[in-house]
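Asker: Got a sequence here, can you build the structure:
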Amino acid sequence: MIYVSTRNNSKEYSFEEVFIKGLADDGGLYVPKSFKSYTHNELLELKYLNYNELSSEIVHQFSSDFISKDELSKLINKSYSTFREKEVVKISKLGEVNLLELFHGPTLAFKDVAMQFIGNLYQYYLSKNDKKINIVVATSGDTGAAAIDAIKGKTNLNIFVLHPNNKISSVQRKIMTTVEENNVFNIAIEGNFDDCQNIVKAMFSDLKFSKSINMSGVNSINWARIIAQTVYYFYSYFKLNKKTISFSVPTGNFGDVFAGYLAKKMGLPINKLIVATNENDILHRAISRGDYVSKEVKETSSPSMDIQLASNFERLIYYINKSDSKITKDIMKKVKQNSYQIEKNKLEIIQKDFISESCSEKETLDIIKNIYEKNNVILDPHTAIGVGAAHKLSFNDCVVLSTAHPCKFPDATINSINKYETLPEELSHVLNKQENFQVLENDVEEVKNFVKKNIKF
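Answerer: This is a model prediction of the structure:
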């Protein structure tokens, strides 16, 4: 499959380049030049596959020039062997909505679904190439833990994870910072998630630096993550056996919901993708009225959504502008200047596929309380926002992506129902283990120096 950058689609790339580089040298995001859209009959042929088989079918479409289908199947089986659910994900009923439980991986968040796969994909690549890779990633809470678990202890790989200091839950932090393998480095940045993300982007954009350390990234902008996440949209549709289906997706960086958009472009009969946000509602404002101007980030009980610039939104901008990379590049300049307003005709195109809603902090805690009282189920705050958005929009018979285990957010559940879920036994040790992380200023040069000083192979 041929890939291009959203900011220059005249240059072509292979899946290997897209996977290893993560971000294009021009600052754009990689997208396939074209891809298969399944017919109704072809979808029927996929219906009875188990999760791993379905993953192999869908992912291979995008990576056939990099890995054989047989090798990919083995890699996927290995990746999901650590999950507590045999079928990787689980669909449960919660009142009128269906919950798609995505938190049965080793770090209790949906990020594991893609990250376990990516960790083994790196190992596959390195086994065939005499190279060493340094992964640098920003996290708003869950990506870092999932990436660390997938990369820790692997040879010829180091991982440097930037998180906003004192702005993620203590459990989220401890799952990252108690890992003892010497190829793992945690950095707490004095700033917010957007600051962490901007540092990582600046490091990628410094081509001399990024090439000198053979830098790679596993943030949600990495195309391999998008295609791995697309699978559970297909799986839900087949399991629920509906003619058409809608999804409510709690999202901050737009990666998880973009995976749903990709599934729809591949022929899955999705009605609407509900973009569910917290008080950091730039995506809700953008989709409901075209306002893509960022404001100051607010700290909430759903820290993985405390974001004001959704990196993957650039891919949607590219597609709604008929894959015109020049227009996309010009729009991204406006985004950087914080002056982008979506034109009415483009907004109408977006609203054919997307609808959005936001939940305040009080609403989020009230949802957790109400669901617990009615259903005796504890939701994490991100999932609660997904449920709340579906209810506010009267999309009652939809699938809500349940993105994290509630035990990762004890403050939210204590504040709403005065109790919390305990960590699964295999993770309970992190609560008392010594943490290891370095606090750095919000300064790209300081981070670069730390990375160069600590590279070990």
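Asker: Confirm I91 sits in a strand?
Answerer: Yes - checked against DSSP: H, G, I helix; E, B strand; the rest coil, I91 lies within a strand.
Asker: neighbours of it, just the number please.
Answerer: 16 (other CB atoms under 10 Å). Placement of C-beta: from N, CA and C, glycine included.
Asker: Now do the contacts for it.
Answerer: Applying CB atoms under 8 Å, 6 or more residues apart in numbering to I91 gives the contacts 98-101, 236, 239-240, 399.
Asker: S311 versus that one, what's the distance?
Answerer: Applying CB to CB, to the nearest Å, the value for I91 to S311 is 29 Å.
Asker: How about S288?
Answerer: 20 Å.
Asker: Same question for K333.
Answerer: As defined by CB to CB, K333 lies at a distance of 15 Å from S311.
Asker: And A114, by the same measure?
Answerer: For A114, the distance to S311 under the criterion CB to CB works out to 15 Å.
Asker: the more surrounded of the two?
Answerer: In terms of neighbours (other CB under 10 Å), A114 is the more surrounded of A114 and S311; the figures are 31 against 22.
Asker: which other helices and strands contact the helix or strand where that one lies?
Answerer: Secondary structure assigned from DSSP states H and E places A114 in helix 111-128. Under the contact criterion of 3 or more CB pairs under 8 Å, 6 or more residues apart in numbering; DSSP states H and E, helix 111-128 touches helix 15-21, helix 69-79, strand 133-138, helix 143-151, strand 157-164, helix 223-240.
Asker: what separates it from the chain centre, distance-wise?
Answerer: 15 Å (CA atoms, centre = their mean, to the nearest Å).
Asker: what is the orientation angle of that helix with helix 143-151?
Answerer: For helix 111-128 and helix 143-151, the angle between their directions (axes from the mean of the first three to the mean of the last three CA atoms, to 10 degrees) works out to 40 degrees.
Asker: Show me what counts as buried in helix 111-128.
Answerer: Counting neighbours by 16 or more other CB atoms under 10 Å, one finds that the buried residues in helix 111-128 are 111-126.
Asker: Check stretch 364-371 too.
Answerer: Going by neighbour count (16+ other CB under 10 Å), the buried part of stretch 364-371 is 364-365, 367-371.
Asker: now do stretch 320-329
Answerer: Of the residues in stretch 320-329, those scored as buried under the neighbour-count criterion (16+ other CB under 10 Å) are 320-321, 324-325, 328-329.
Asker: if you average pLDDT over that stretch, what comes out?
Answerer: Averaging pLDDT along stretch 320-329 yields 98.
Asker: Show me what that stretch is in contact with.
Answerer: For stretch 320-329, the surrounding residues in contact (CB under 8 Å, 6+ apart) are 4-10, 26, 28, 31, 314, 317-318, 331, 346, 349-350.
Asker: can you give me how far that stretch is from the chain middle?
Answerer: Averaged C-alpha coordinates place stretch 320-329 at 23 Å from its chain's average position (CA atoms, centre = their mean).
Asker: could you pull out the helices for the stretch 351-457 of the chain?
Answerer: Under the criterion DSSP state H, counting those that start in this stretch, helices of the stretch 351-457 of the chain are mapped to 361-375, 381-392, 410-417, 444-454.
Asker: Contacts only, for K419.
Answerer: Residues in contact with K419 (CB under 8 Å, 6+ apart) are 378, 413.
Asker: again with the one 3 residues further on
Answerer: Contact partners of T422, counting by CB under 8 Å, 6+ apart, are 407, 428.
Asker: distance of it from H405?
Answerer: Look at T422 and H405: by CB to CB, they are 10 Å apart.
Asker: Please apply the same query to N52.
Answerer: Distance, N52 to H405, using CB to CB: 22 Å.
Asker: Compare those two and say which is more crowded by neighbours.
Answerer: Neighbour tally, N52 and H405, criterion other CB under 10 Å: the higher count belongs to H405, 23 against 19.
Asker: these two touch, right, the more buried one and T107?
Answerer: No - with contact defined as CB atoms under 8 Å, H405 does not count as touching T107 (9.1 Å).
Asker: what residues are shared contacts of those two?
Answerer: By the contact definition CB under 8 Å, 6+ apart, H405 and T107 are jointly contacted by no residue.
Asker: contacting residues around the closest residue to L75 other than its chain neighbours?
Answerer: Using CB to CB, 6 or more residues apart in numbering and skipping residues adjacent in sequence, the residue nearest L75 is N120, 5.0 Å away. The neighbours of N120, taking CB under 8 Å, 6+ apart as the test, are 75, 78-79, 150.
Asker: any idea which of the residues you listed has the most stuff around it?
Answerer: Highest count within the contacts of N120 by other CB under 10 Å belongs to A150, 29 neighbours.
Asker: which residues touch that one?
Answerer: Contacts here follow CB under 8 Å, 6+ apart; on that basis A150 touches 112, 115-116, 118-120, 218.
Asker: cool, and N219?
Answerer: N219 makes contact with 22, 137-138, 143, 197, 200, 225, 253, 255, 311, according to CB under 8 Å, 6+ apart.
Asker: and it, which of the three is it?
Answerer: Reduced to three states by three-state DSSP, N219 is coil.
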